[in-house]
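> below is the structure, and that's it, no one-letter string:
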């Protein structure tokens, strides 16, 4: 097994110095060799064209594909904690993006076979097909112009939650339980939001690409103070308000029906916003959620605001968003929704240029190690306009 690489690689010869960046982000790794392989892996992600396999990364940086064995050991078997490097990345990102929101989004990694952690056959609306895949959840720190990924998790269900042998083979910690993409997003946002610089940061979630639905009644009351989640047109809601003779209070309706009914002063407000490609009409209604859910002030059911965004020019269907933003104007809400598009663009770039979908291992720690390195590579490109030596934590 190859255990050393040149101290300066082809990346360094292009004028990119990553030494201080690696020391800043991965300084918590307890062994010197772990930090060295973090440096090699990061350089490989930044400079290797095409698919980011262990062998190709090692060949690009060390000139010896056999060094891929050492990289594989570092990613899949070395017991280093990925939480601390991600915390450092989030702190650095917060300095660059002071006016940020959290945006959660899902992505699909198609897989052959059933051995990779989290793999299930599922219908993916974004693909229009049932595929064998992992579903990952990313948490991004997003300003009005830029998105940086700071945390990741896998959706685990079925046997990955219940089969002890399967969990042991994938090295899934006992503390990791099953749950929806929305649950994962809430957990990540809650963890990130505990930092002093992340207090009162709104959470935006669009999980519809993978068919995962946010469950507003099952979390936000104890999560972020402000939240905005995309829901399906048939999401059930209940009208809030006294009703009118023409529109009396009724039982649950769908989000589409509630917005479409219109016509009463407390039900629908209209705004027109410039989306850069034509005006966008935003309609809103105050609603409650049916069934059992957390109570608001005075023991009353909490009131939420439902927004509908029509596509520019009237093409395509409306998007429906449920939120705690009862008193925010349409411009603020639309600015948050636009950040979701920045995340979609970033996910596409992460897939095409940073190896987001290229992890070939099977273990839970290995997946998290790879995703941490992907975040670090992407963040380095965003956080540095010059040598990494200028960075400090």
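Yep, that arrived. It should be emphasised that the depicted structure is a prediction, and the values quoted were computed from it without experimental measurement.

> looks like residue 121 contacts residue 131 (just checking).
Yes. The criterion here is Cβ atoms under 8 Å, and residue 121 meets it with residue 131 at 7.1 Å. Where C-beta positions appear, they are placed from N, C-alpha and C, glycine not excepted.

> ok, those two, which is more surrounded?
residue 131 (14 against 10; other Cβ atoms under 10 Å).

> need the pLDDT of that one.
In this model, residue 131 is scored at 95, pLDDT.

> which strand residues bridge it?
residue 122 (DSSP bridges).

> surely it and residue 108 touch.
Yes. In this structure, residue 131 is within contact of residue 108 by Cβ under 8 Å, at 7.1 Å.

> identify the contacts common to the two.
residue 124 (Cβ atoms under 8 Å, 6 or more residues apart in numbering).

> what's the burial count for the nearest residue to residue 339 once chain neighbours are set aside?
Residue nearest to residue 339 in three dimensions, not counting chain neighbours: residue 142, with 4.2 Å by Cβ to Cβ, 6 or more residues apart in numbering. Neighbours of residue 142 under the rule other Cβ under 10 Å: 26.

> what does the one 4 residues further on give?
Using other Cβ under 10 Å, the number of residues around residue 146 comes to 16.

> so how far is residue 101 from it?
Taking Cβ to Cβ, to the nearest Å as the measure, residue 146 and residue 101 are separated by 12 Å.

> and the helices in the protein?
For the chain, the helices defined by DSSP state H cover 10-13, 19-26, 32-47, 54-62, 68-72, 83-96, 159-162, 164-170, 181-192, 255-261, 330-353, 364-383.

> closest one to residue 301 among the ones you listed?
Nearest of the helices of the chain to residue 301, taken as Cβ to Cβ: helix 255-261 at 15.5 Å.

> any idea which residue sits dead centre in this protein?
What sits nearest the mean C-alpha location of the chain, by Cα atoms, centre = their mean, is residue 138, with 2.1 Å.

> residues contacting that one?
Counting by Cβ under 8 Å, 6+ apart, residue 138 makes contact with 104, 105, 106, 107, 149, 151, 152, 343, 347.

> let's go with 6 Å and repeat that
By Cβ atoms under 6 Å, 6 or more residues apart in numbering, the contact list for residue 138 reads 105, 149, 152.

> what's the neighbour count on the last one?
Per other Cβ under 10 Å, the neighbour tally for residue 152 reads 22.

> how about it: what's its closest non-neighbour residue?
Per Cβ to Cβ, 6+ apart, closest to residue 152 is residue 371, 4.2 Å.

> from the contacts of residue 138, which one has the minimum pLDDT?
residue 105 (94).

> OK, contacts around it?
Per Cβ under 6 Å, 6+ apart, neighbours of residue 105: 138, 206, 343.

> beta partners for the nearest residue to the second one once chain neighbours are set aside?
I take that to be residue 206. In space, and not counting its chain neighbours, residue 206 is closest to residue 230: 4.3 Å by Cβ to Cβ, 6+ apart. Residue 230 forms beta bridges with residue 321, as assigned by DSSP bridges.

> show me what contacts residue 230?
Neighbours of residue 230 in contact, by Cβ under 6 Å, 6+ apart: 206, 208, 321.

> also residue 225?
For residue 225, the contact set (Cβ under 6 Å, 6+ apart) comprises residue 200.

> just the pLDDT at it, thanks.
At residue 225, pLDDT is 71.

> of the helices of the chain, which is nearest residue 201?
helix 181-192 (8.0 Å).

> helices or strands next to the closest one in the packing?
Secondary-structure packing of helix 181-192 (3 or more Cβ pairs under 6 Å, 6 or more residues apart in numbering; DSSP states H and E): strand 101-110, strand 129-142.

> in a markdown table: those strands, plus distance to residue 27.
Converted to a markdown table, those look like this (distance: least, Cβ to Cβ, whole Å):
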| stretch | distance to residue 27 |
| --- | --- |
| strand 101-110 | 25 |
| strand 129-142 | 21 |
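
> tell me which of the ones you listed sits nearest to residue 159.
strand 129-142 (13.9 Å).

> the closest one vs helix 181-192, what angle?
20 degrees (axes from the mean of the first three to the mean of the last three Cα atoms, to 10 degrees).

> so which bits of strand 129-142 are buried?
Going by neighbour count (16 or more other Cβ atoms under 10 Å), the buried part of strand 129-142 is 133, 134, 135, 136, 137, 138, 139, 140, 141, 142.

> from the contacts of residue 230, which has minimum pLDDT?
Pick the lowest pLDDT in the contacts of residue 230 and you get residue 208, at 83.

> against residue 252, how distant is that one?
Distance, residue 208 to residue 252, using Cβ to Cβ: 21 Å.

> check residue 49 too.
Distance from residue 49 to residue 252, by Cβ to Cβ: 52 Å.

> ok, these two, which is more surrounded?
More crowded of residue 49 and residue 252, by other Cβ under 10 Å: residue 252, with 16 against 8.

> next, count neighbours for the closest residue to residue 44 other than its chain neighbours.
Distances taken as Cβ to Cβ, 6+ apart put residue 57 closest to residue 44, at 3.0 Å, once the chain neighbours are dropped. Residue 57 has 28 neighbours, counted by other Cβ under 10 Å.

> use 147 as the first number from now on
Fine by me, first position is 147 from now on; the one you just mentioned is residue 203.

> re the thing from before, could you give the bridge partners of the residue nearest to the centre of the chain?
Beta-bridge partners recorded for residue 284 (DSSP bridges): residue 251, residue 298.
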